[in-house]
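[1] next come a sequence and a model predicted from it.
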Amino acid sequence: MLIPVLVMNILFSCKQEATTSETTSSEGDTTALSSPSTENPNLVANMPWTFLTHQLFRHHVTVTSGKIDPEERKGHWIDFLENGKYDYGVWGDKTQEGTWSYDDQTKLLELKPSGNENPSEWRVMHKDNNLILIGTATYGNNPQQVQWIRHEGRPDKNAKPAEDEDQ
């Protein structure tokens, strides 16, 4: 597990250096090439966090004020798209969309829903097919922890119980 992370860090470092190199115009002016991370920090080439965009995640359990309720958001899912957008829904229906940004240094994920819903910020922990989002106080609206499990597609409300269990 350490070797793929090391390789990804090396590739990311090389890509960053290449995108911030300088060019000289025909007039002799030296200009820095714009870094894709400043144009769109979620471009695939800049993503050491592809763990977010590989398949969608289905809700497993939410902990709020020390209370665990695995049924509270049963059937909920979130799909982080490579273009910096996300879709969120319940069972087969998309109920929300918005944009996301992730800071690999601070491990913070910000979700900005479209429309008039408030943004939220989350501290991210992940391993294998598990994603843990721990709400921060940044927007004053997020006193919870949520565990998500990677899933191939949107959850099926009519699926047999065996298919709905952890993988």
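    Received the coordinates, thanks. Numbering: from 1, shown residues only.

[2] so what does the longest strand along the chain touch, helix or strand wise?
    When the chain is scanned for its longest strand (criterion: DSSP state E), the result is strand 93-103. Packing partners of strand 93-103 (3 or more C-beta pairs under 8 Å, 6 or more residues apart in numbering; DSSP states H and E): strand 85-90, strand 108-113. C-beta: built from backbone N, CA, C; applies to glycine.

[3] including mean pLDDT and mean neighbour count, could these go into TSV?
    Shown next, in TSV, are the helices and strands packed on strand 93-103 (pLDDT from 0 to 100; neighbours: other C-beta atoms under 10 Å):
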stretch	mean pLDDT	mean neighbour count
strand 85-90	95	18
strand 108-113	96	18
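
[4] dump these to CSV, plus distance to residue 144.
    Listed next are those as CSV, based on distance: least, C-beta to C-beta, whole Å:
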stretch, distance to residue 144
strand 85-90, 15
strand 108-113, 13
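
[5] so which of those is nearest residue 63?
    Residue 63 lies closest, by C-beta to C-beta, to one member of those: strand 108-113, at 17.3 Å.

[6] quick one, the closest one and strand 85-90 angle?
    70 degrees (axes from the mean of the first three to the mean of the last three C-alpha atoms, to 10 degrees).

[7] okay, now the unreliable bits of this structure?
    1-49, 160-167 (pLDDT under 70).

[8] quick one: the strands in it?
    Listed in chain order, the strands of the chain (DSSP E) span residues 22-24, 30-32, 56-64, 67-68, 76-80, 85-90, 93-103, 108-113, 120-127, 130-135, 144-151.

[9] that older thread, who wins for proximity to residue 158 among the helices and strands packed on strand 93-103?
    Ranking the helices and strands packed on strand 93-103 by proximity to residue 158 (C-beta to C-beta) places strand 85-90 first, at 13.8 Å.

[10] which elements pack onto that closest one?
    Against strand 85-90 (3+ C-beta pairs under 8 Å, 6+ apart) you get strand 76-80, strand 93-103.
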